[in-house]
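In: Everything below, folded, please.
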Amino acid sequence: MGGYIRLTAKVSVEYDAECARCLKSVHRTFAVEFERTVVNQGELVNQEDDDGDDYIEIVDGKLALEETAAEQLMMEFPTKELCREDCKGLCPKCGRDLNTGECGCVKKEIDPRLAILQKLLEK
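Out: Numbers count the residues shown, from 1 in each chain. Next up is the predicted model:
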């Protein structure tokens, strides 16, 4: 049984996306850190590592991190982007960016299935 190295790596990517609420373009940097045990090909540190999730093998003297880094990025990448946490988004009626001010649309629209309850409240 050979030795092993505990590797800590940080991967970062820069990308452009659209805000999920107002559709403005946003530029982001996303970083993720991960740890793996590095072993020589065919030399597992222990049986628990046999699933391949916690170790990376050195093959022909080379350490290939691309697949592991890509997996980590995909698992932790945000599902939606916001230009800012308090983004108000777009008006669903007229499409105005509500971050720049209110629009003139009437906001008191009720789900037709609940309209009968609104009539009871008005009495």
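
In: Contacts only, for residue 3.
Out: By CB atoms under 8 Å, 6 or more residues apart in numbering, residue 3 lies in contact with nothing. Backbone N, C-alpha and C define where each C-beta goes, glycine included.

In: Tell me the buried residues in the helix or strand bottoming out on mean pLDDT in the chain?
Out: One helix or strand of the chain scores below all others by mean pLDDT, DSSP states H and E: helix 115-122, with a mean of 79. Residues of helix 115-122 include none that count as buried (16 or more other CB atoms under 10 Å).

In: outside of that helix, which residues touch it?
Out: Counting by CB under 8 Å, 6+ apart, residue 110 sit against helix 115-122.

In: other SSEs contacting the longest helix anywhere in the chain?
Out: Secondary structure assigned by DSSP state H gives helix 66-76 as the longest helix of the chain. Secondary-structure packing of helix 66-76 (3 or more CB pairs under 8 Å, 6 or more residues apart in numbering; DSSP states H and E): strand 4-18, strand 25-40.

In: Now do the buried residues in it.
Out: Applying 16+ other CB under 10 Å to helix 66-76 flags 68-69, 72-73 as buried.

In: Just checking the distance from that helix to the centre of its chain.
Out: How far helix 66-76 lies from its chain's middle: 12 Å, per CA atoms, centre = their mean, to the nearest Å.

In: residue contacts, the residue lying closest to residue 24 once chain neighbours are set aside?
Out: Excluding the flanking residues, the one nearest residue 24 by CB to CB, 6 or more residues apart in numbering is residue 83, at 4.8 Å. Residues near residue 83 by CB under 8 Å, 6+ apart: 19, 21-22, 24, 26, 99.

In: Residue 98 now?
Out: 22, 88-91.

In: cutoff 10 Å now
Out: Going by CB atoms under 10 Å, 6 or more residues apart in numbering, residue 98 touches 21-22, 87-92.

In: next one: residue 27
Out: 14-17, 81.

In: Reformat the residues you listed as CSV; add neighbour count.
Out: Formatted as CSV, those follow (neighbours: other CB atoms under 10 Å):
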residue, neighbour count
14, 8
15, 11
16, 9
17, 15
81, 19
